[in-house]
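# I'd like to go over a predicted model; first the sequence, then the structure.
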Amino acid sequence: MADSSLSRSRHAAVLGISFIVGMTVFGLLLGHAVRSFKRLNEFVTVKGLSEREVPADLAAWPIAFTVGENDLGRLQAQIESSRKTVRDFLVAGGFDEGEVSNAPPQISDSESIAEEGDIGRKRAFRYIAKVTVLLRTTQIAKAKAALEASDKLVQQGIVLSGGEYMSKPQFLFTGLNQIKPNMIQEANRAARQSAEKFAADSNAEIGAIRHAVQGPFEINDVDASSPDRKIVRVVTTVDFYLK
């Protein structure tokens with residue numbers, strides 16, 4: 001009987017110790033899990049910027065002008081003569097024939113499109129043609145020089161339509177794909193440096209990336225007077241875990 005009581009006491013003691021050990025281990029694991037969960041919610045969001053100034057590598061200049069005549073045959077002759085004047089001007093400026101092309105003319109007949117209030121008004125010409133000669137070139141310096149000398153066309157009787165948006169010259173940068181990888185790398189590096197500075201100020205360390213978003217690439221003129229110089233810009237937003 002005494003042996004049976006002693007055995008039960010030992011069994012109870014073992015169970016008690018096992019329970020205490022189990023609860024201790026569970027507490028340690030729970031504390032570790034809580035700390036790990038807390039660390040997973042500690043992060044910093046930073047932005048990284050990469051910016052470069054690059055030269056334009058393509059110029060597109062739609063040289064638009066108007067000609068007028070009362071006879072379609074003479075109008076066509078005027079169009080061809082004016083186109084030749086513009087083409088000769090560009091070739092003299094150092095451009096190849098292949099860099100110059102003609103867009104179809106837009107011809108209006110004043111008699112067929114007379115609007116209310118126009119009846120009885122005498123027009124200078126019955127037929128008006130809007131003509132465009134397009135220069136598309138990678139010779140940026142020559143394109144700028146030609147623009148500066150465009151008054152020579154006016155002196156030769158070419159009535160330029162420079163006020164229209166579609167007639168304005170454009171300077172473009174087409175080499176984005178060549179500089180994209182390095183710029184993304186620079187933006188990411190800048191973001192990490194910002195995160196490391198934040199962590200150092202907070203007595204923490206930077207961990208793995210939690211989330212990252214790359215913004216769109218933007219290409220803009222350096223300023224209004226320098227359309228041949230471009231600023232390429234990209235921003236990345238990165239979340240870093242803190243340790």
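Here it is on my side, so go on.
# which residues does G94 contact?
Residues near G94 by Cβ atoms under 8 Å, 6 or more residues apart in numbering: 139, 142. For every residue, glycine as well, the C-beta is placed using N, CA and C.
# And it, how far from D88?
G94 sits 13 Å away from D88, going by Cβ to Cβ, to the nearest Å.
# again with F240
With Cβ to Cβ as the criterion, F240 and D88 are 62 Å apart.
# do the same with E80
In terms of Cβ to Cβ, E80 sits 12 Å off from D88.
# Pass me the low-pLDDT residue ranges in this structure, would you?
1-41, 112-123, 162-167 (pLDDT under 70).
# in it, which residue is closest to the centre?
E218 (2.9 Å; Cα atoms, centre = their mean).
# ok, for that one, nearest residue in space, not its chain neighbours?
Spatial nearest neighbour of E218, excluding adjacent residues (Cβ to Cβ, 6 or more residues apart in numbering): R233 at 4.6 Å.
# tally of neighbours for that neighbour?
Number of residues near R233 (other Cβ atoms under 10 Å) recorded here: 17.
# now the closest residue to A56 other than its chain neighbours, which residues is it bridged with?
Closest residue in space to A56, ignoring its immediate chain neighbours: F171 at 3.7 Å, by Cβ to Cβ, 6+ apart. Counting by DSSP bridges, F171 forms beta bridges with A59.
# Wasn't E51 part of a strand?
Yes: using DSSP: H, G, I helix; E, B strand; the rest coil, the secondary structure at E51 is a strand.
# separation between it and A191?
14 Å.
# Which of the three states applies to A124?
coil.
# Does it touch G68 like I think?
Yes: counting by Cβ atoms under 8 Å, A124 touches G68, with 6.2 Å between them.
# about what we covered before: what about F240 and D88, which has more around it?
F240 (25 against 11).
# Secondary structure element holding that one?
strand 229-242 (DSSP states H and E).
# Which positions in that strand come out as buried?
Under the neighbour-count criterion of 16 or more other Cβ atoms under 10 Å, strand 229-242 has 229-230, 232-236, 238-242 buried.
# Redo these as CSV? Include distance to A200.
Formatted as CSV, the buried residues of strand 229-242 follow (distance: Cβ to Cβ, whole Å):
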residue, distance to A200
R229, 37
K230, 36
V232, 31
R233, 27
V234, 26
V235, 23
T236, 21
V238, 17
D239, 18
F240, 13
Y241, 15
L242, 11
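# Next up, phi/psi of A224, please.
When read as degrees, to the nearest 10, the backbone of A224 gives phi -60, psi -30.
# number of nearby residues for it?
Other residues close to A224 by other Cβ under 10 Å number 6.
# repeat for K180
14.
# name the element it belongs to?
Counting by DSSP H and E, K180 is found in helix 176-201.
# quick one, that helix and strand 229-242 angle?
Calculated by axes from the mean of the first three to the mean of the last three Cα atoms, to 10 degrees, helix 176-201 forms an angle of 40 degrees with strand 229-242.
# list the helices and strands the helix or strand just after helix 176-201 packs on?
Sequence-wise, the next helix or strand downstream of helix 176-201 (DSSP H and E) is strand 206-214. Judged by 3 or more Cβ pairs under 8 Å, 6 or more residues apart in numbering; DSSP states H and E, the packing partners of strand 206-214 are helix 176-201, strand 229-242.
# Report the angle between strand 206-214 and strand 229-242.
Going by the same axes, to 10 degrees, strand 206-214 makes 140 degrees with strand 229-242.
# Assign the closest residue to Q156 other than its chain neighbours to helix, strand or coil.
Nearest residue to Q156, sequence neighbours excluded (Cβ to Cβ, 6+ apart): T85, at 5.3 Å. With three-state DSSP as the basis, T85 sits in helix.
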